[in-house]
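[1] Would you be able to build a 3D model of this:
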Amino acid sequence: QTSQAIITQDSSAITGQLTIDVYYLDAENGQEKEAYNADVYLYASYNDVVADSTNLTHDLSLFHLTTSSSSNEAYFGYINHGNYYVWASAEIHRIDYEQVSVVQVRPRQDEYFDIKMTKK
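    Next up, the predicted model:
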């Protein structure tokens with residue numbers, strides 16, 4: 001899959017910035033913690049999420065980012081306004097975590113969204 005470039009400067013009237021912070025609910029102690037090295041996928045439809053989770057190819061996502069080893073943030077830059085589905089997943093301490101959620105991007109807005117993964 002060829003990924004699209006992240007647009008970091010835009011003056012369009014129909015785009016907004018999207019930043020997603022990824023957390024997980026620790027299965028061992030129930031505490032919410034920042035999720036490093038998590039995969040974050042952005043989709044246009046829920047059916048695409050279901051299809052990708054079934055075939056495990058992730059080729060229907062609009063964007064795919066991985067949080068770093070020192071930050072739980074995924075910055076998608078400027079994207080067209082609308083509703084998007086977010087699928088976050090990670091293996092942390094040999095436990096698989098994931099979460100699917102919906103986010104709305106509004107024109108000329110900086111959207112900050114937290115997603116909290118739970119044990120798969």
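
[2] Show me the residue sitting in the middle of this protein in space.
    Nearest to the mean C-alpha position of the chain, by C-alpha atoms, centre = their mean, lies residue 40 at 3.5 Å.

[3] Which helix or which strand is home to the residue nearest to it when sequence neighbours are not counted?
    The spatial neighbour of residue 40 that comes closest, neighbours along the chain excluded (C-beta to C-beta, 6 or more residues apart in numbering), is residue 74 at 4.1 Å. Heads up, the C-betas are built off the backbone N, CA and C, glycines and all. Using DSSP states H and E, residue 74 maps to strand 73-80.

[4] before we move on, the earlier item: tell me the spacing between the residue nearest to residue 40 and residue 22.
    Distance, residue 74 to residue 22, using C-beta to C-beta, to the nearest Å: 7 Å.

[5] Residues in contact with both of these two, list them for me.
    38, 40, 67 (C-beta atoms under 8 Å, 6 or more residues apart in numbering).

[6] Given the host helix or strand of residue 84, what are its sheet partners and their directions?
    Using DSSP H and E, residue 84 sits in strand 82-92. Strand 82-92 has the following sheet partners, assigned by DSSP bridges: strand 39-43 (antiparallel), strand 95-105 (antiparallel).
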